[in-house]
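*Asks:* okay, sequence plus prediction incoming.
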Amino acid sequence: MPEAEAPGKKTTSVKSTRTARKVRDVVRTMYSQAHEAKAQGRPVAYCMAGCWFNEILVAMDITPIWTENYAGLCAVKHDAERFLLKAEADGYSNVICGYTRIGLGFDAMRRELGMMPPDPADGGMPEPDLLLGCSCVCDPRFKWYQSLGRYKNTSVHCHDIVVPPTDANLAEAAPYYVAYQVEEFRNLIAFLEKHTGKKMDYAKLSHHLAISDEIYQTWWDIDQLRRAIPSPMASEDHFTIFVPGLFRLGEQETLDFYRELYAEVKERVDNKVGVIPEEKYRLMWAGGLPPWHTMWMFNHFQSMGAVFAIENAYFGWEPFEIPVGVDKPLEHLAWRIFQLFTLNYEKARKGSGNPTVERLLRMVREFQIDGLVMHATISCRSFTIGQISLRNMINEHIKVPCLFLTSDMVDLRDYSEAEWRMQIDNFMETVRAHKSSH
């Protein structure tokens, strides 16, 4: 295994799969296509993770710019601080989502300069024609684009995504939630048709939805292969390969990518090829967004014989079933969202009461996890609140050591290398002791 370089020399992690190394070109292509579309007068839209409608955009020939992805790219390249400082100078608190502050700072700087900020990663984000937010997961998903009204006069649409509480009777609730979601998709499409002058092709939408369903299944199959010992693919690869599945959903090239990755991981399993020569400990990234500014950290764990076998962030969805008779694309999409969010409800009602805990417990058992690592991301409340509670609930069923690291997913100012190295080394001593006693 190549030794991880010092953070001053390299910020990214060493990957174990050939396919994961291709994602950098996928990202470059995403931004080059956006610039090309803009130059040709085709519609370009700002979007963010949690907007579960990429197939609609593909079907209507709208090119998305995933603003959270661009913020992460800036962090990986250690080019985030100038945008963070610009947003903070404009009055945005440093505890607001780091992705949001980078995006706001980028557009504030572009407005002030009257041009693209100098030397932007991958050419920067071209000016959007539309801003497409949503209500899923956290408030920046709709407040971010509303705030951009300070810097641009661009039409905004916020798509509402709702899911029932864990104790709901799903059989009774499903028709109402699905009908509401379908109406939200109709409103979105009406907005897109009005601002692009292009009508939705529903046959084309159905085609792209079918591709997405196969993408999800293939991604799930890859993760099931990762249950093998030694681990054929670690989390540092996952936090690269998730990009096509999240930001290019519904596209044939994405399905081809995951098919290629499946074949590679299957070959590694068949030949017992692990991430490192001697795998001693299996860890799980159990919560929090990854530290994009310091991804080499994963390879530091490997130097002590530890591999992150699975993760609970930016993951592919579990297999789901669309009810028989649902053949209209908007109903299909609405049922998919409902099923994806409620898959573990029944297990939760019979067990811990928490669907996330049920998912984590299953992964601890199936992937034979020796230790958990959670990242308390300072500017991301939605992925940080409740981490201690999750750890405590897990330990009610399975005793497993847990490490809490604290920094931000993009803001390097909230990170201490010396502190992290000390915490990681101490944690691995605990993992060793715990495993030897069981």
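*Replies:* Good, I have the coordinates. Note that the structure is predicted; figures quoted are calculated from it, not measured. Numbering: from 1, shown residues only.
*Asks:* please enumerate the helices of the stretch 51-200 of the chain.
*Replies:* Listed in chain order, the helices of the stretch 51-200 of the chain (DSSP state H, counting those that start in this stretch) span residues 54-59, 67-76, 81-89, 98-113, 140-147, 170-196.
*Asks:* mind listing residues that contact the shortest one?
*Replies:* Just to be clear, that refers to helix 54-59. Residues outside helix 54-59 that contact it (CB atoms under 8 Å, 6 or more residues apart in numbering): 45, 47, 63-64, 185, 188-189, 192, 200-202, 204-205, 207-209, 211-212, 247-251, 333. Placement of C-beta: from N, CA and C, glycine included.
*Asks:* let's go with 6 Å and repeat that
*Replies:* Residues outside helix 54-59 that contact it (CB atoms under 6 Å, 6 or more residues apart in numbering): 64, 201, 204-205, 208-209, 212, 249-250.
*Asks:* check the second one too.
*Replies:* Identification of contacts with helix 67-76 by CB under 6 Å, 6+ apart yields 46, 48-49, 80, 99, 102-103, 121, 125, 247, 292-293, 410.
*Asks:* dump the residues you listed to JSON lines, plus distance to residue 161.
*Replies:* Shown next, in JSON lines, are those (distance: CB to CB, whole Å):
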{"residue": "46", "distance to residue 161": "17"}
{"residue": "48", "distance to residue 161": "12"}
{"residue": "49", "distance to residue 161": "12"}
{"residue": "80", "distance to residue 161": "28"}
{"residue": "99", "distance to residue 161": "18"}
{"residue": "102", "distance to residue 161": "24"}
{"residue": "103", "distance to residue 161": "20"}
{"residue": "121", "distance to residue 161": "29"}
{"residue": "125", "distance to residue 161": "24"}
{"residue": "247", "distance to residue 161": "17"}
{"residue": "292", "distance to residue 161": "25"}
{"residue": "293", "distance to residue 161": "29"}
{"residue": "410", "distance to residue 161": "24"}
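*Asks:* for the helix or strand encompassing residue 300, the distance to its chain's centre please.
*Replies:* Assigned by DSSP states H and E, residue 300 belongs to helix 297-302. How far helix 297-302 lies from its chain's middle: 20 Å, per CA atoms, centre = their mean, to the nearest Å.
*Asks:* render the CA-only coordinates of stretch 85-103 in CSV, please.
*Replies:* Presented in CSV, the C-alpha positions along stretch 85-103 are these (Å, rounded to 0.1, in the frame of the first residue of the first chain):
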residue,chain,number,x,y,z
LEU,A,85,-14.2,34.7,4.0
LYS,A,86,-16.1,36.5,1.3
ALA,A,87,-19.4,35.1,2.6
GLU,A,88,-18.5,35.9,6.2
ALA,A,89,-17.6,39.4,5.1
ASP,A,90,-21.1,39.7,3.6
GLY,A,91,-22.6,38.8,7.0
TYR,A,92,-23.0,35.1,6.9
SER,A,93,-22.1,33.4,10.2
ASN,A,94,-19.3,30.9,10.2
VAL,A,95,-21.6,28.2,11.7
ILE,A,96,-23.8,28.2,8.6
CYS,A,97,-23.3,25.2,6.3
GLY,A,98,-19.8,25.3,4.9
TYR,A,99,-21.0,24.2,1.5
THR,A,100,-23.5,27.1,1.5
ARG,A,101,-20.8,29.7,2.5
ILE,A,102,-18.5,28.6,-0.3
GLY,A,103,-21.3,28.9,-2.8
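*Asks:* hmm, back to that, which of the contacts of helix 67-76 sits closest to residue 172?
*Replies:* When those are ranked by distance to residue 172 (CB to CB), residue 49 comes first, at 30.2 Å.
*Asks:* and the residue nearest to that closest one when sequence neighbours are not counted, how many neighbours?
*Replies:* Using CB to CB, 6 or more residues apart in numbering and skipping residues adjacent in sequence, the residue nearest residue 49 is residue 68, 5.4 Å away. Neighbourhood size, residue 68 [other CB atoms under 10 Å]: 25.
*Asks:* can you start the count at 274 instead of 1 from here on
*Replies:* Let's use 274 as the start, then, which means that last one is residue 341.
*Asks:* roughly how far apart are residue 341 and residue 624?
*Replies:* Applying CB to CB, to the nearest Å, the value for residue 341 to residue 624 is 32 Å.
*Asks:* same deal with residue 521?
*Replies:* 35 Å.
*Asks:* those two: which is more packed in?
*Replies:* residue 521 (21 against 15).
*Asks:* I'd say the more buried one and residue 527 touch.
*Replies:* Yes - taking CB atoms under 6 Å as the definition, residue 521 is a contact partner of residue 527 at 4.6 Å.
*Asks:* which of the contacts of helix 327-332 count as buried?
*Replies:* 337, 478, 481-482, 485, 522-523 (16 or more other CB atoms under 10 Å).
*Asks:* now do the helices in the stretch 524-673 of the chain.
*Replies:* Using DSSP H, counting those that start in this stretch, helices in the stretch 524-673 of the chain cover 525-543, 570-575, 602-615, 618-623, 628-639, 654-657, 660-668.
*Asks:* ranking the ones you listed by mean pLDDT, which is last?
*Replies:* The minimum mean pLDDT among the helices of the stretch 524-673 of the chain belongs to helix 654-657 (a mean of 88).
*Asks:* what's next to it, contact-wise?
*Replies:* 410-411, 561-562, 649-650.
*Asks:* tell me the most packed of those residues, by neighbour count.
*Replies:* Neighbour max across the contacts of helix 654-657 (other CB under 10 Å) = residue 650, 27 neighbours.
*Asks:* specify the beta-bridge partners of that one.
*Replies:* In this structure, residue 650 bridges to residue 680 when assessed by DSSP bridges.
*Asks:* how long is stretch 577-592 end to end?
*Replies:* By CA to CA, to the nearest Å, the extent of stretch 577-592 from end to end equals 34 Å.
*Asks:* how about stretch 436-449?
*Replies:* Termini of stretch 436-449 sit 10 Å apart (CA to CA).
*Asks:* do stretch 619-634 as well
*Replies:* So stretch 619-634: terminal residues 14 Å apart, CA to CA.
*Asks:* check stretch 403-419 too.
*Replies:* Stretch 403-419 end-to-end distance (CA to CA) = 12 Å.
*Asks:* related to what we said a few turns ago, ok, residues contacting the helix holding residue 573?
*Replies:* Here helix 570-575 makes contact (CB under 6 Å, 6+ apart) with 277, 286-287, 509, 549.
*Asks:* of all those residues, which two lie farthest apart?
*Replies:* Farthest pair in the contacts of helix 570-575, by CB to CB: 286 and 549, 12.6 Å.
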